[in-house]
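Novice: any chance you can model this:
(one chain, ligands or ions: 1)
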Amino acid sequence: MSASTDTVHHRICPLCEACCGLEITVRDQRVIGIRGHAADVFSAGYICPKGVALKDLHEDPDRLRTPMIRRNGRHEPATWDEAWAEIARRLPALRAAHGRDAVALAAGNPSAHKIGLQLTIPRLAKALGTRNVYTASTLDQMPRHVASGLLYGHWMSVPVPDIARADLLIVLGANPVVSNGSMWTVPDFRGKARALQARGGRLVVIDPRRTETAALADTHHFIRPGADAFLLAGMVHTLFAEGLANPGGLAALVDGIAAVQAAVAPFSADAVAARCGLPADTIRALARDLAGTPRASLYARIGSCTQEFGTLASWLVDVLNILTGHLDTPGGAMFPQAAAFAANTSGPAGRGRGVALGRHRSRVRGAPEVMGEFPMVCLAEEIETPGPGQIRALITLATNPVLSAPNGARLAAALDSLEFMVSLDIYLNETTRHADVILPAASPLEDMHYDLAFPQLSWRNHARYSPPVFPRAPGQPAEWQTVLKLAAVATGADPSVDALALDAAQATQEVQQRFGDAAPQVLEATAHLQGPDRLLDMALRTGPYGDQFGRRPDGLNLAKVQAATPAGGIDLGPLEPRLPALLRTTDGRIGLAPDALVEELARAARDLARAPAPLVVIGRRDVRSNNSWMHNLPVLAKGPYRCTALVHPDDARRLGLTEGALAQLRRDTPQGPRSITVEVACTTDMMPGVVSVPHGWGHDLPGMQLGLAAQRPGANLNALLDDTLCDPLSGNAVLSGVAVEMLPAGPASVPPADPTASAAAPRTAVQA
Ligand code: SF4
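Specialist: Numbering: from 1, shown residues only. Predicted structure coming up:
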């Protein structure tokens with residue numbers, strides 16, 4: 001076939017937060033090439049190996065292409081009509097018999113990369129009327145949302161480093177060389193960090209592992225896992241002790257500075273040094289460096305959030321950026337301005353309703369609701385524990401908590417006890433194997449794309465749209481259609497209900513509520529669109545760069561953003577100062593010392609003298625993996641075995657461990673002893689006393705359809721961790737700094753398979 005028949009498509013990668021623009025070449029309805037889109041205004045041609053794996057994901061024979069119904073313990077292919085009939089037969093009856101909270105909803109990380117799911121999951125939750133909503137946010141990022149909500153009045157008002165103009169970036173508990181940002185969308189972080197260094201700037205990394213980012217840094221400091229809040233409090237203390245606290249231009253907008261000064265009194269650098277495993281002089285020097293560099297910021301992420309003082313750490317990051325005059329200033333920590341869907345660009349500027357925590361509490365342990373959801377660590381107990389409000393049915397959307405949440409074995413048993421479970425997913429995996437009905441999601445290449453969340457976290461402002469590369473397979477609905485229909489059927493609608501009709505009715509209702517007298521004109525102007533496209537057009541047109549339905553003719557609308565796709569989208573410029581207009585706090589000010597966080601500091605002060613455990617475990621991110629669902633793709637699975645336990649050679653000697661041999665990691669929990677067996681890799685990149693195991697592995701459970709992943713299943717780190725531990729303010733799971741024992745477990749008995757050689761082998765589904 002001649003290359004003249006090739007077509008080139010431009011697609012934003014939906015696989016991680018970096019949102020790279022890709023150029024995808026198609027021949028005869030098959031992808032023949034994926035590379036970075038050089039003209040992309042945001043990512044400028046950057047791509048990582050996961051982006052290339054979109055081809056493998058699209059073609060994966062294990063990817064579900066038809067609904068599955070579990071009959072007599074086995075998942076069998078079914079028609080969509082059969083699947084909807086089964087849901088209609090069972091779910092509304094359960095809800096009617098046991099009440100709204102009896103049906104729970106759980107959504108995972110991939111839903112954050114799907115505008116169709118982002119816009120319809122809230123509708124599903126609202127239709128169900130359940131308080132039992134759980135998402136992956138409480139596995140790694142809820143502390144960041146809580147800190148932002150309390151300081152700035154909205155969960156998504158998250159300042160990010162203005163790396164393009166910074167002279168100093170301090171990175172704590174994050175590995176952006178591998179992740180390309182988390183709660184910070186920054187494709188090609190490595191290139192941007194090198195540019196920072198080339199203009200004389202410095203990158204400083206603080207992490208218990210000499211990560212890929214630390215290897216690039218000018219300076220790297222080890223820190224004991226779980227001590228981030230203590231380090232940060234010690235830095236804040238230093239600012240006050242040395243007269244360096246100066247919020248600069250924000251001084252007139254910030255309240256509570258004296259209260260912060262009083263609250264950090266117990267946390268001198270000398271007092272926290274032992275807890276952090278860092279010399280006091282280093283802590284003081286970090287504070288002085290941040291305060292003394294005009295264009296600088298501190299950025300912290302997953303390692304800082306997955307701790308028992310996670311919200312405290314996230315808040316102290318902003319306290320430091322504010323007290324050193326770096327918040328909302330070029331080269332400091334700045335707020336992106338998204339073209340659509342950002343709450344901090346809608347409504348009256350500079351003031352709002354603020355946020356509320358704990359409007360209600362979970363039934364079993366009394367955990368506070370945050371952002372309308374309960375912590376994922378509560379899900380198993382809410383299923384297991386009898387009584388009014390017990391969860392009896394579960395809807396999962398693109399989530400795999402059996403692997404991604406602590407104590408997956410307990411959750412798996414709880415899922416087995418449900419009276420009904422329905423999943424929307426691309427795989428029959430460790431979680432969906434428990435579902436009675438699995439509804440397949442379309443391939444990402446069959447879906448339109450516009451990032452709803454990540455322009456709110458981006459290193460530069462932009463608007464980019466991707467049309468589908470391929471049409472959906474006959475009969476395959478878009479995910480938003482499936483979720484809209486699920487909301488209707490779950491609440492008693494006939495299974496023949498038409499998703500497009502539901503969408504049209506809901507859009508009309510929303511437009512009438514939002515636009516009032518102007519509703520007829522808005523409906524007419526968007527009548528050619530449906531689903532997410534229609535909502536996106538309205539959001540763009542009424543957004544900060546929008547055409548305001550003709551009142552600002554040069555402004556954005558969907559057609560303009562779509563037309564810019566081949567040219568790499570629309571660049572909306574560098575980050576600009578946004579305070580005080582961004583604020584949505586009730587008084588239009590930044591209260592630097594929220595009561596809840598001052599109380600958390602007091603709790604931390606009581607914990608300051610706790611002796612460190614001899615060995616603690618942390619997670620790890622790999623460029624070829626993202627959470628639990630990319631281990632079935634040949635291009636990512638090939639190469640060296642990655643699910644290893646990294647330990648310092650001194651620890652290996654002390655514990656009798658051998659490079660390449662197996663080790664048992666074990667710990668005692670309130671529910672009994674737990675252990676996993678992992679291959680040992682010795683490296684001085686680890687801080688002594690710390691072992692690192694990546695999460696998201698453990699593909700050796702029965703009943704799944706992940707043939708390649710099962711060949712090298714790895715061990716599930718989260719099986720070792722405890723669902724009773726969480727950060728009390730945010731409900732985020734504690735996944736870092738947990739004490740473990742490590743014992744020799746003999747030689748690696750079976751050499752890991754090489755998927756490079758076996759990728760083409762047939763992959764047979766294992767039936768439950
Ligand atoms: S860094 Fe990789 S996975 Fe993430 S968006 Fe870019 S290409 Fe996709």
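Novice: indicate the residue of the stretch 501-650 of the chain located nearest to the ligand.
Specialist: residue 626 (6.7 Å; CB to the nearest ligand atom). The way it works is simple: take the backbone N, C-alpha and C, and place the C-beta from them, glycine included.
Novice: so that residue sits in a helix?
Specialist: No. Using DSSP: H, G, I helix; E, B strand; the rest coil, the secondary structure at residue 626 is coil, not a helix.
Novice: what residues are up against it?
Specialist: Residues counted as contacts of residue 626 (CB atoms under 8 Å, 6 or more residues apart in numbering) are 15, 16, 50, 109, 696.
Novice: quickly find the element holding the first one.
Specialist: Residue 15 is part of no helix or strand, with elements assigned from DSSP states H and E.
Novice: now do the same contact list for it.
Specialist: Going by CB under 8 Å, 6+ apart, residue 15 touches 50, 51, 53, 54, 113, 444, 626, 630.
Novice: what's the answer for the second one, then?
Specialist: Counting by CB under 8 Å, 6+ apart, residue 16 makes contact with 48, 50, 113, 179, 180, 626.
Novice: picking up where we left off before, near the ligand, which of the contacts of residue 626 show up?
Specialist: Counting by CB under 6 Å from any ligand atom, 15, 16, 50 from the contacts of residue 626 sit close to the ligand.
Novice: so which of the residues you listed comes closest to residue 457?
Specialist: Closest approach to residue 457 among those (CB to CB): residue 16, at 12.2 Å.
Novice: so for the residue of the stretch 651-768 of the chain found nearest the ligand, what's the pLDDT?
Specialist: For the stretch 651-768 of the chain, the residue closest to the ligand is residue 696, as judged by CB to the nearest ligand atom, at 14.5 Å. pLDDT for residue 696: 90.
Novice: okay, now it: neighbour count?
Specialist: When neighbours are defined as other CB atoms under 10 Å, residue 696 has 23 of them.
Novice: which SS class is it?
Specialist: From three-state DSSP, the assignment for residue 696 is coil.
Novice: do I have it right that it meets residue 632?
Specialist: No. Assessed by CB atoms under 8 Å, residue 696 is found out of contact with residue 632, at 11.9 Å.
Novice: need the residues touching each of those two.
Specialist: Joint contacts of residue 696 and residue 632 (CB under 8 Å, 6+ apart) do not exist.
Novice: what residues does this protein have near the ligand?
Specialist: Close to the ligand, as judged by CB under 6 Å from any ligand atom, the chain has residues 13, 15, 16, 18, 19, 20, 47, 48, 50, 51, 180, 187.
Novice: where does the stretch 201-350 of the chain get nearest to the ligand, which residue?
Specialist: residue 212 (13.1 Å).
Novice: thinking again about what came up before, which residue, other than its chain neighbours, is closest to the residue of the stretch 651-768 of the chain closest to the ligand?
Specialist: residue 628 (3.8 Å; CB to CB, 6 or more residues apart in numbering).
Novice: for that neighbour, give me its contacts.
Specialist: 400, 403, 404, 429, 430, 695, 696, 697 are the contacts of residue 628 under CB under 8 Å, 6+ apart.
Novice: buried stuff in the helix or strand where the second one lies?
Specialist: When secondary structure is defined using DSSP H and E, the element that contains residue 403 is helix 401-404. Going by neighbour count (16 or more other CB atoms under 10 Å), the buried part of helix 401-404 is 401, 402, 403, 404.
Novice: so what does it touch, helix or strand wise?
Specialist: helix 408-416 (3 or more CB pairs under 8 Å, 6 or more residues apart in numbering; DSSP states H and E).
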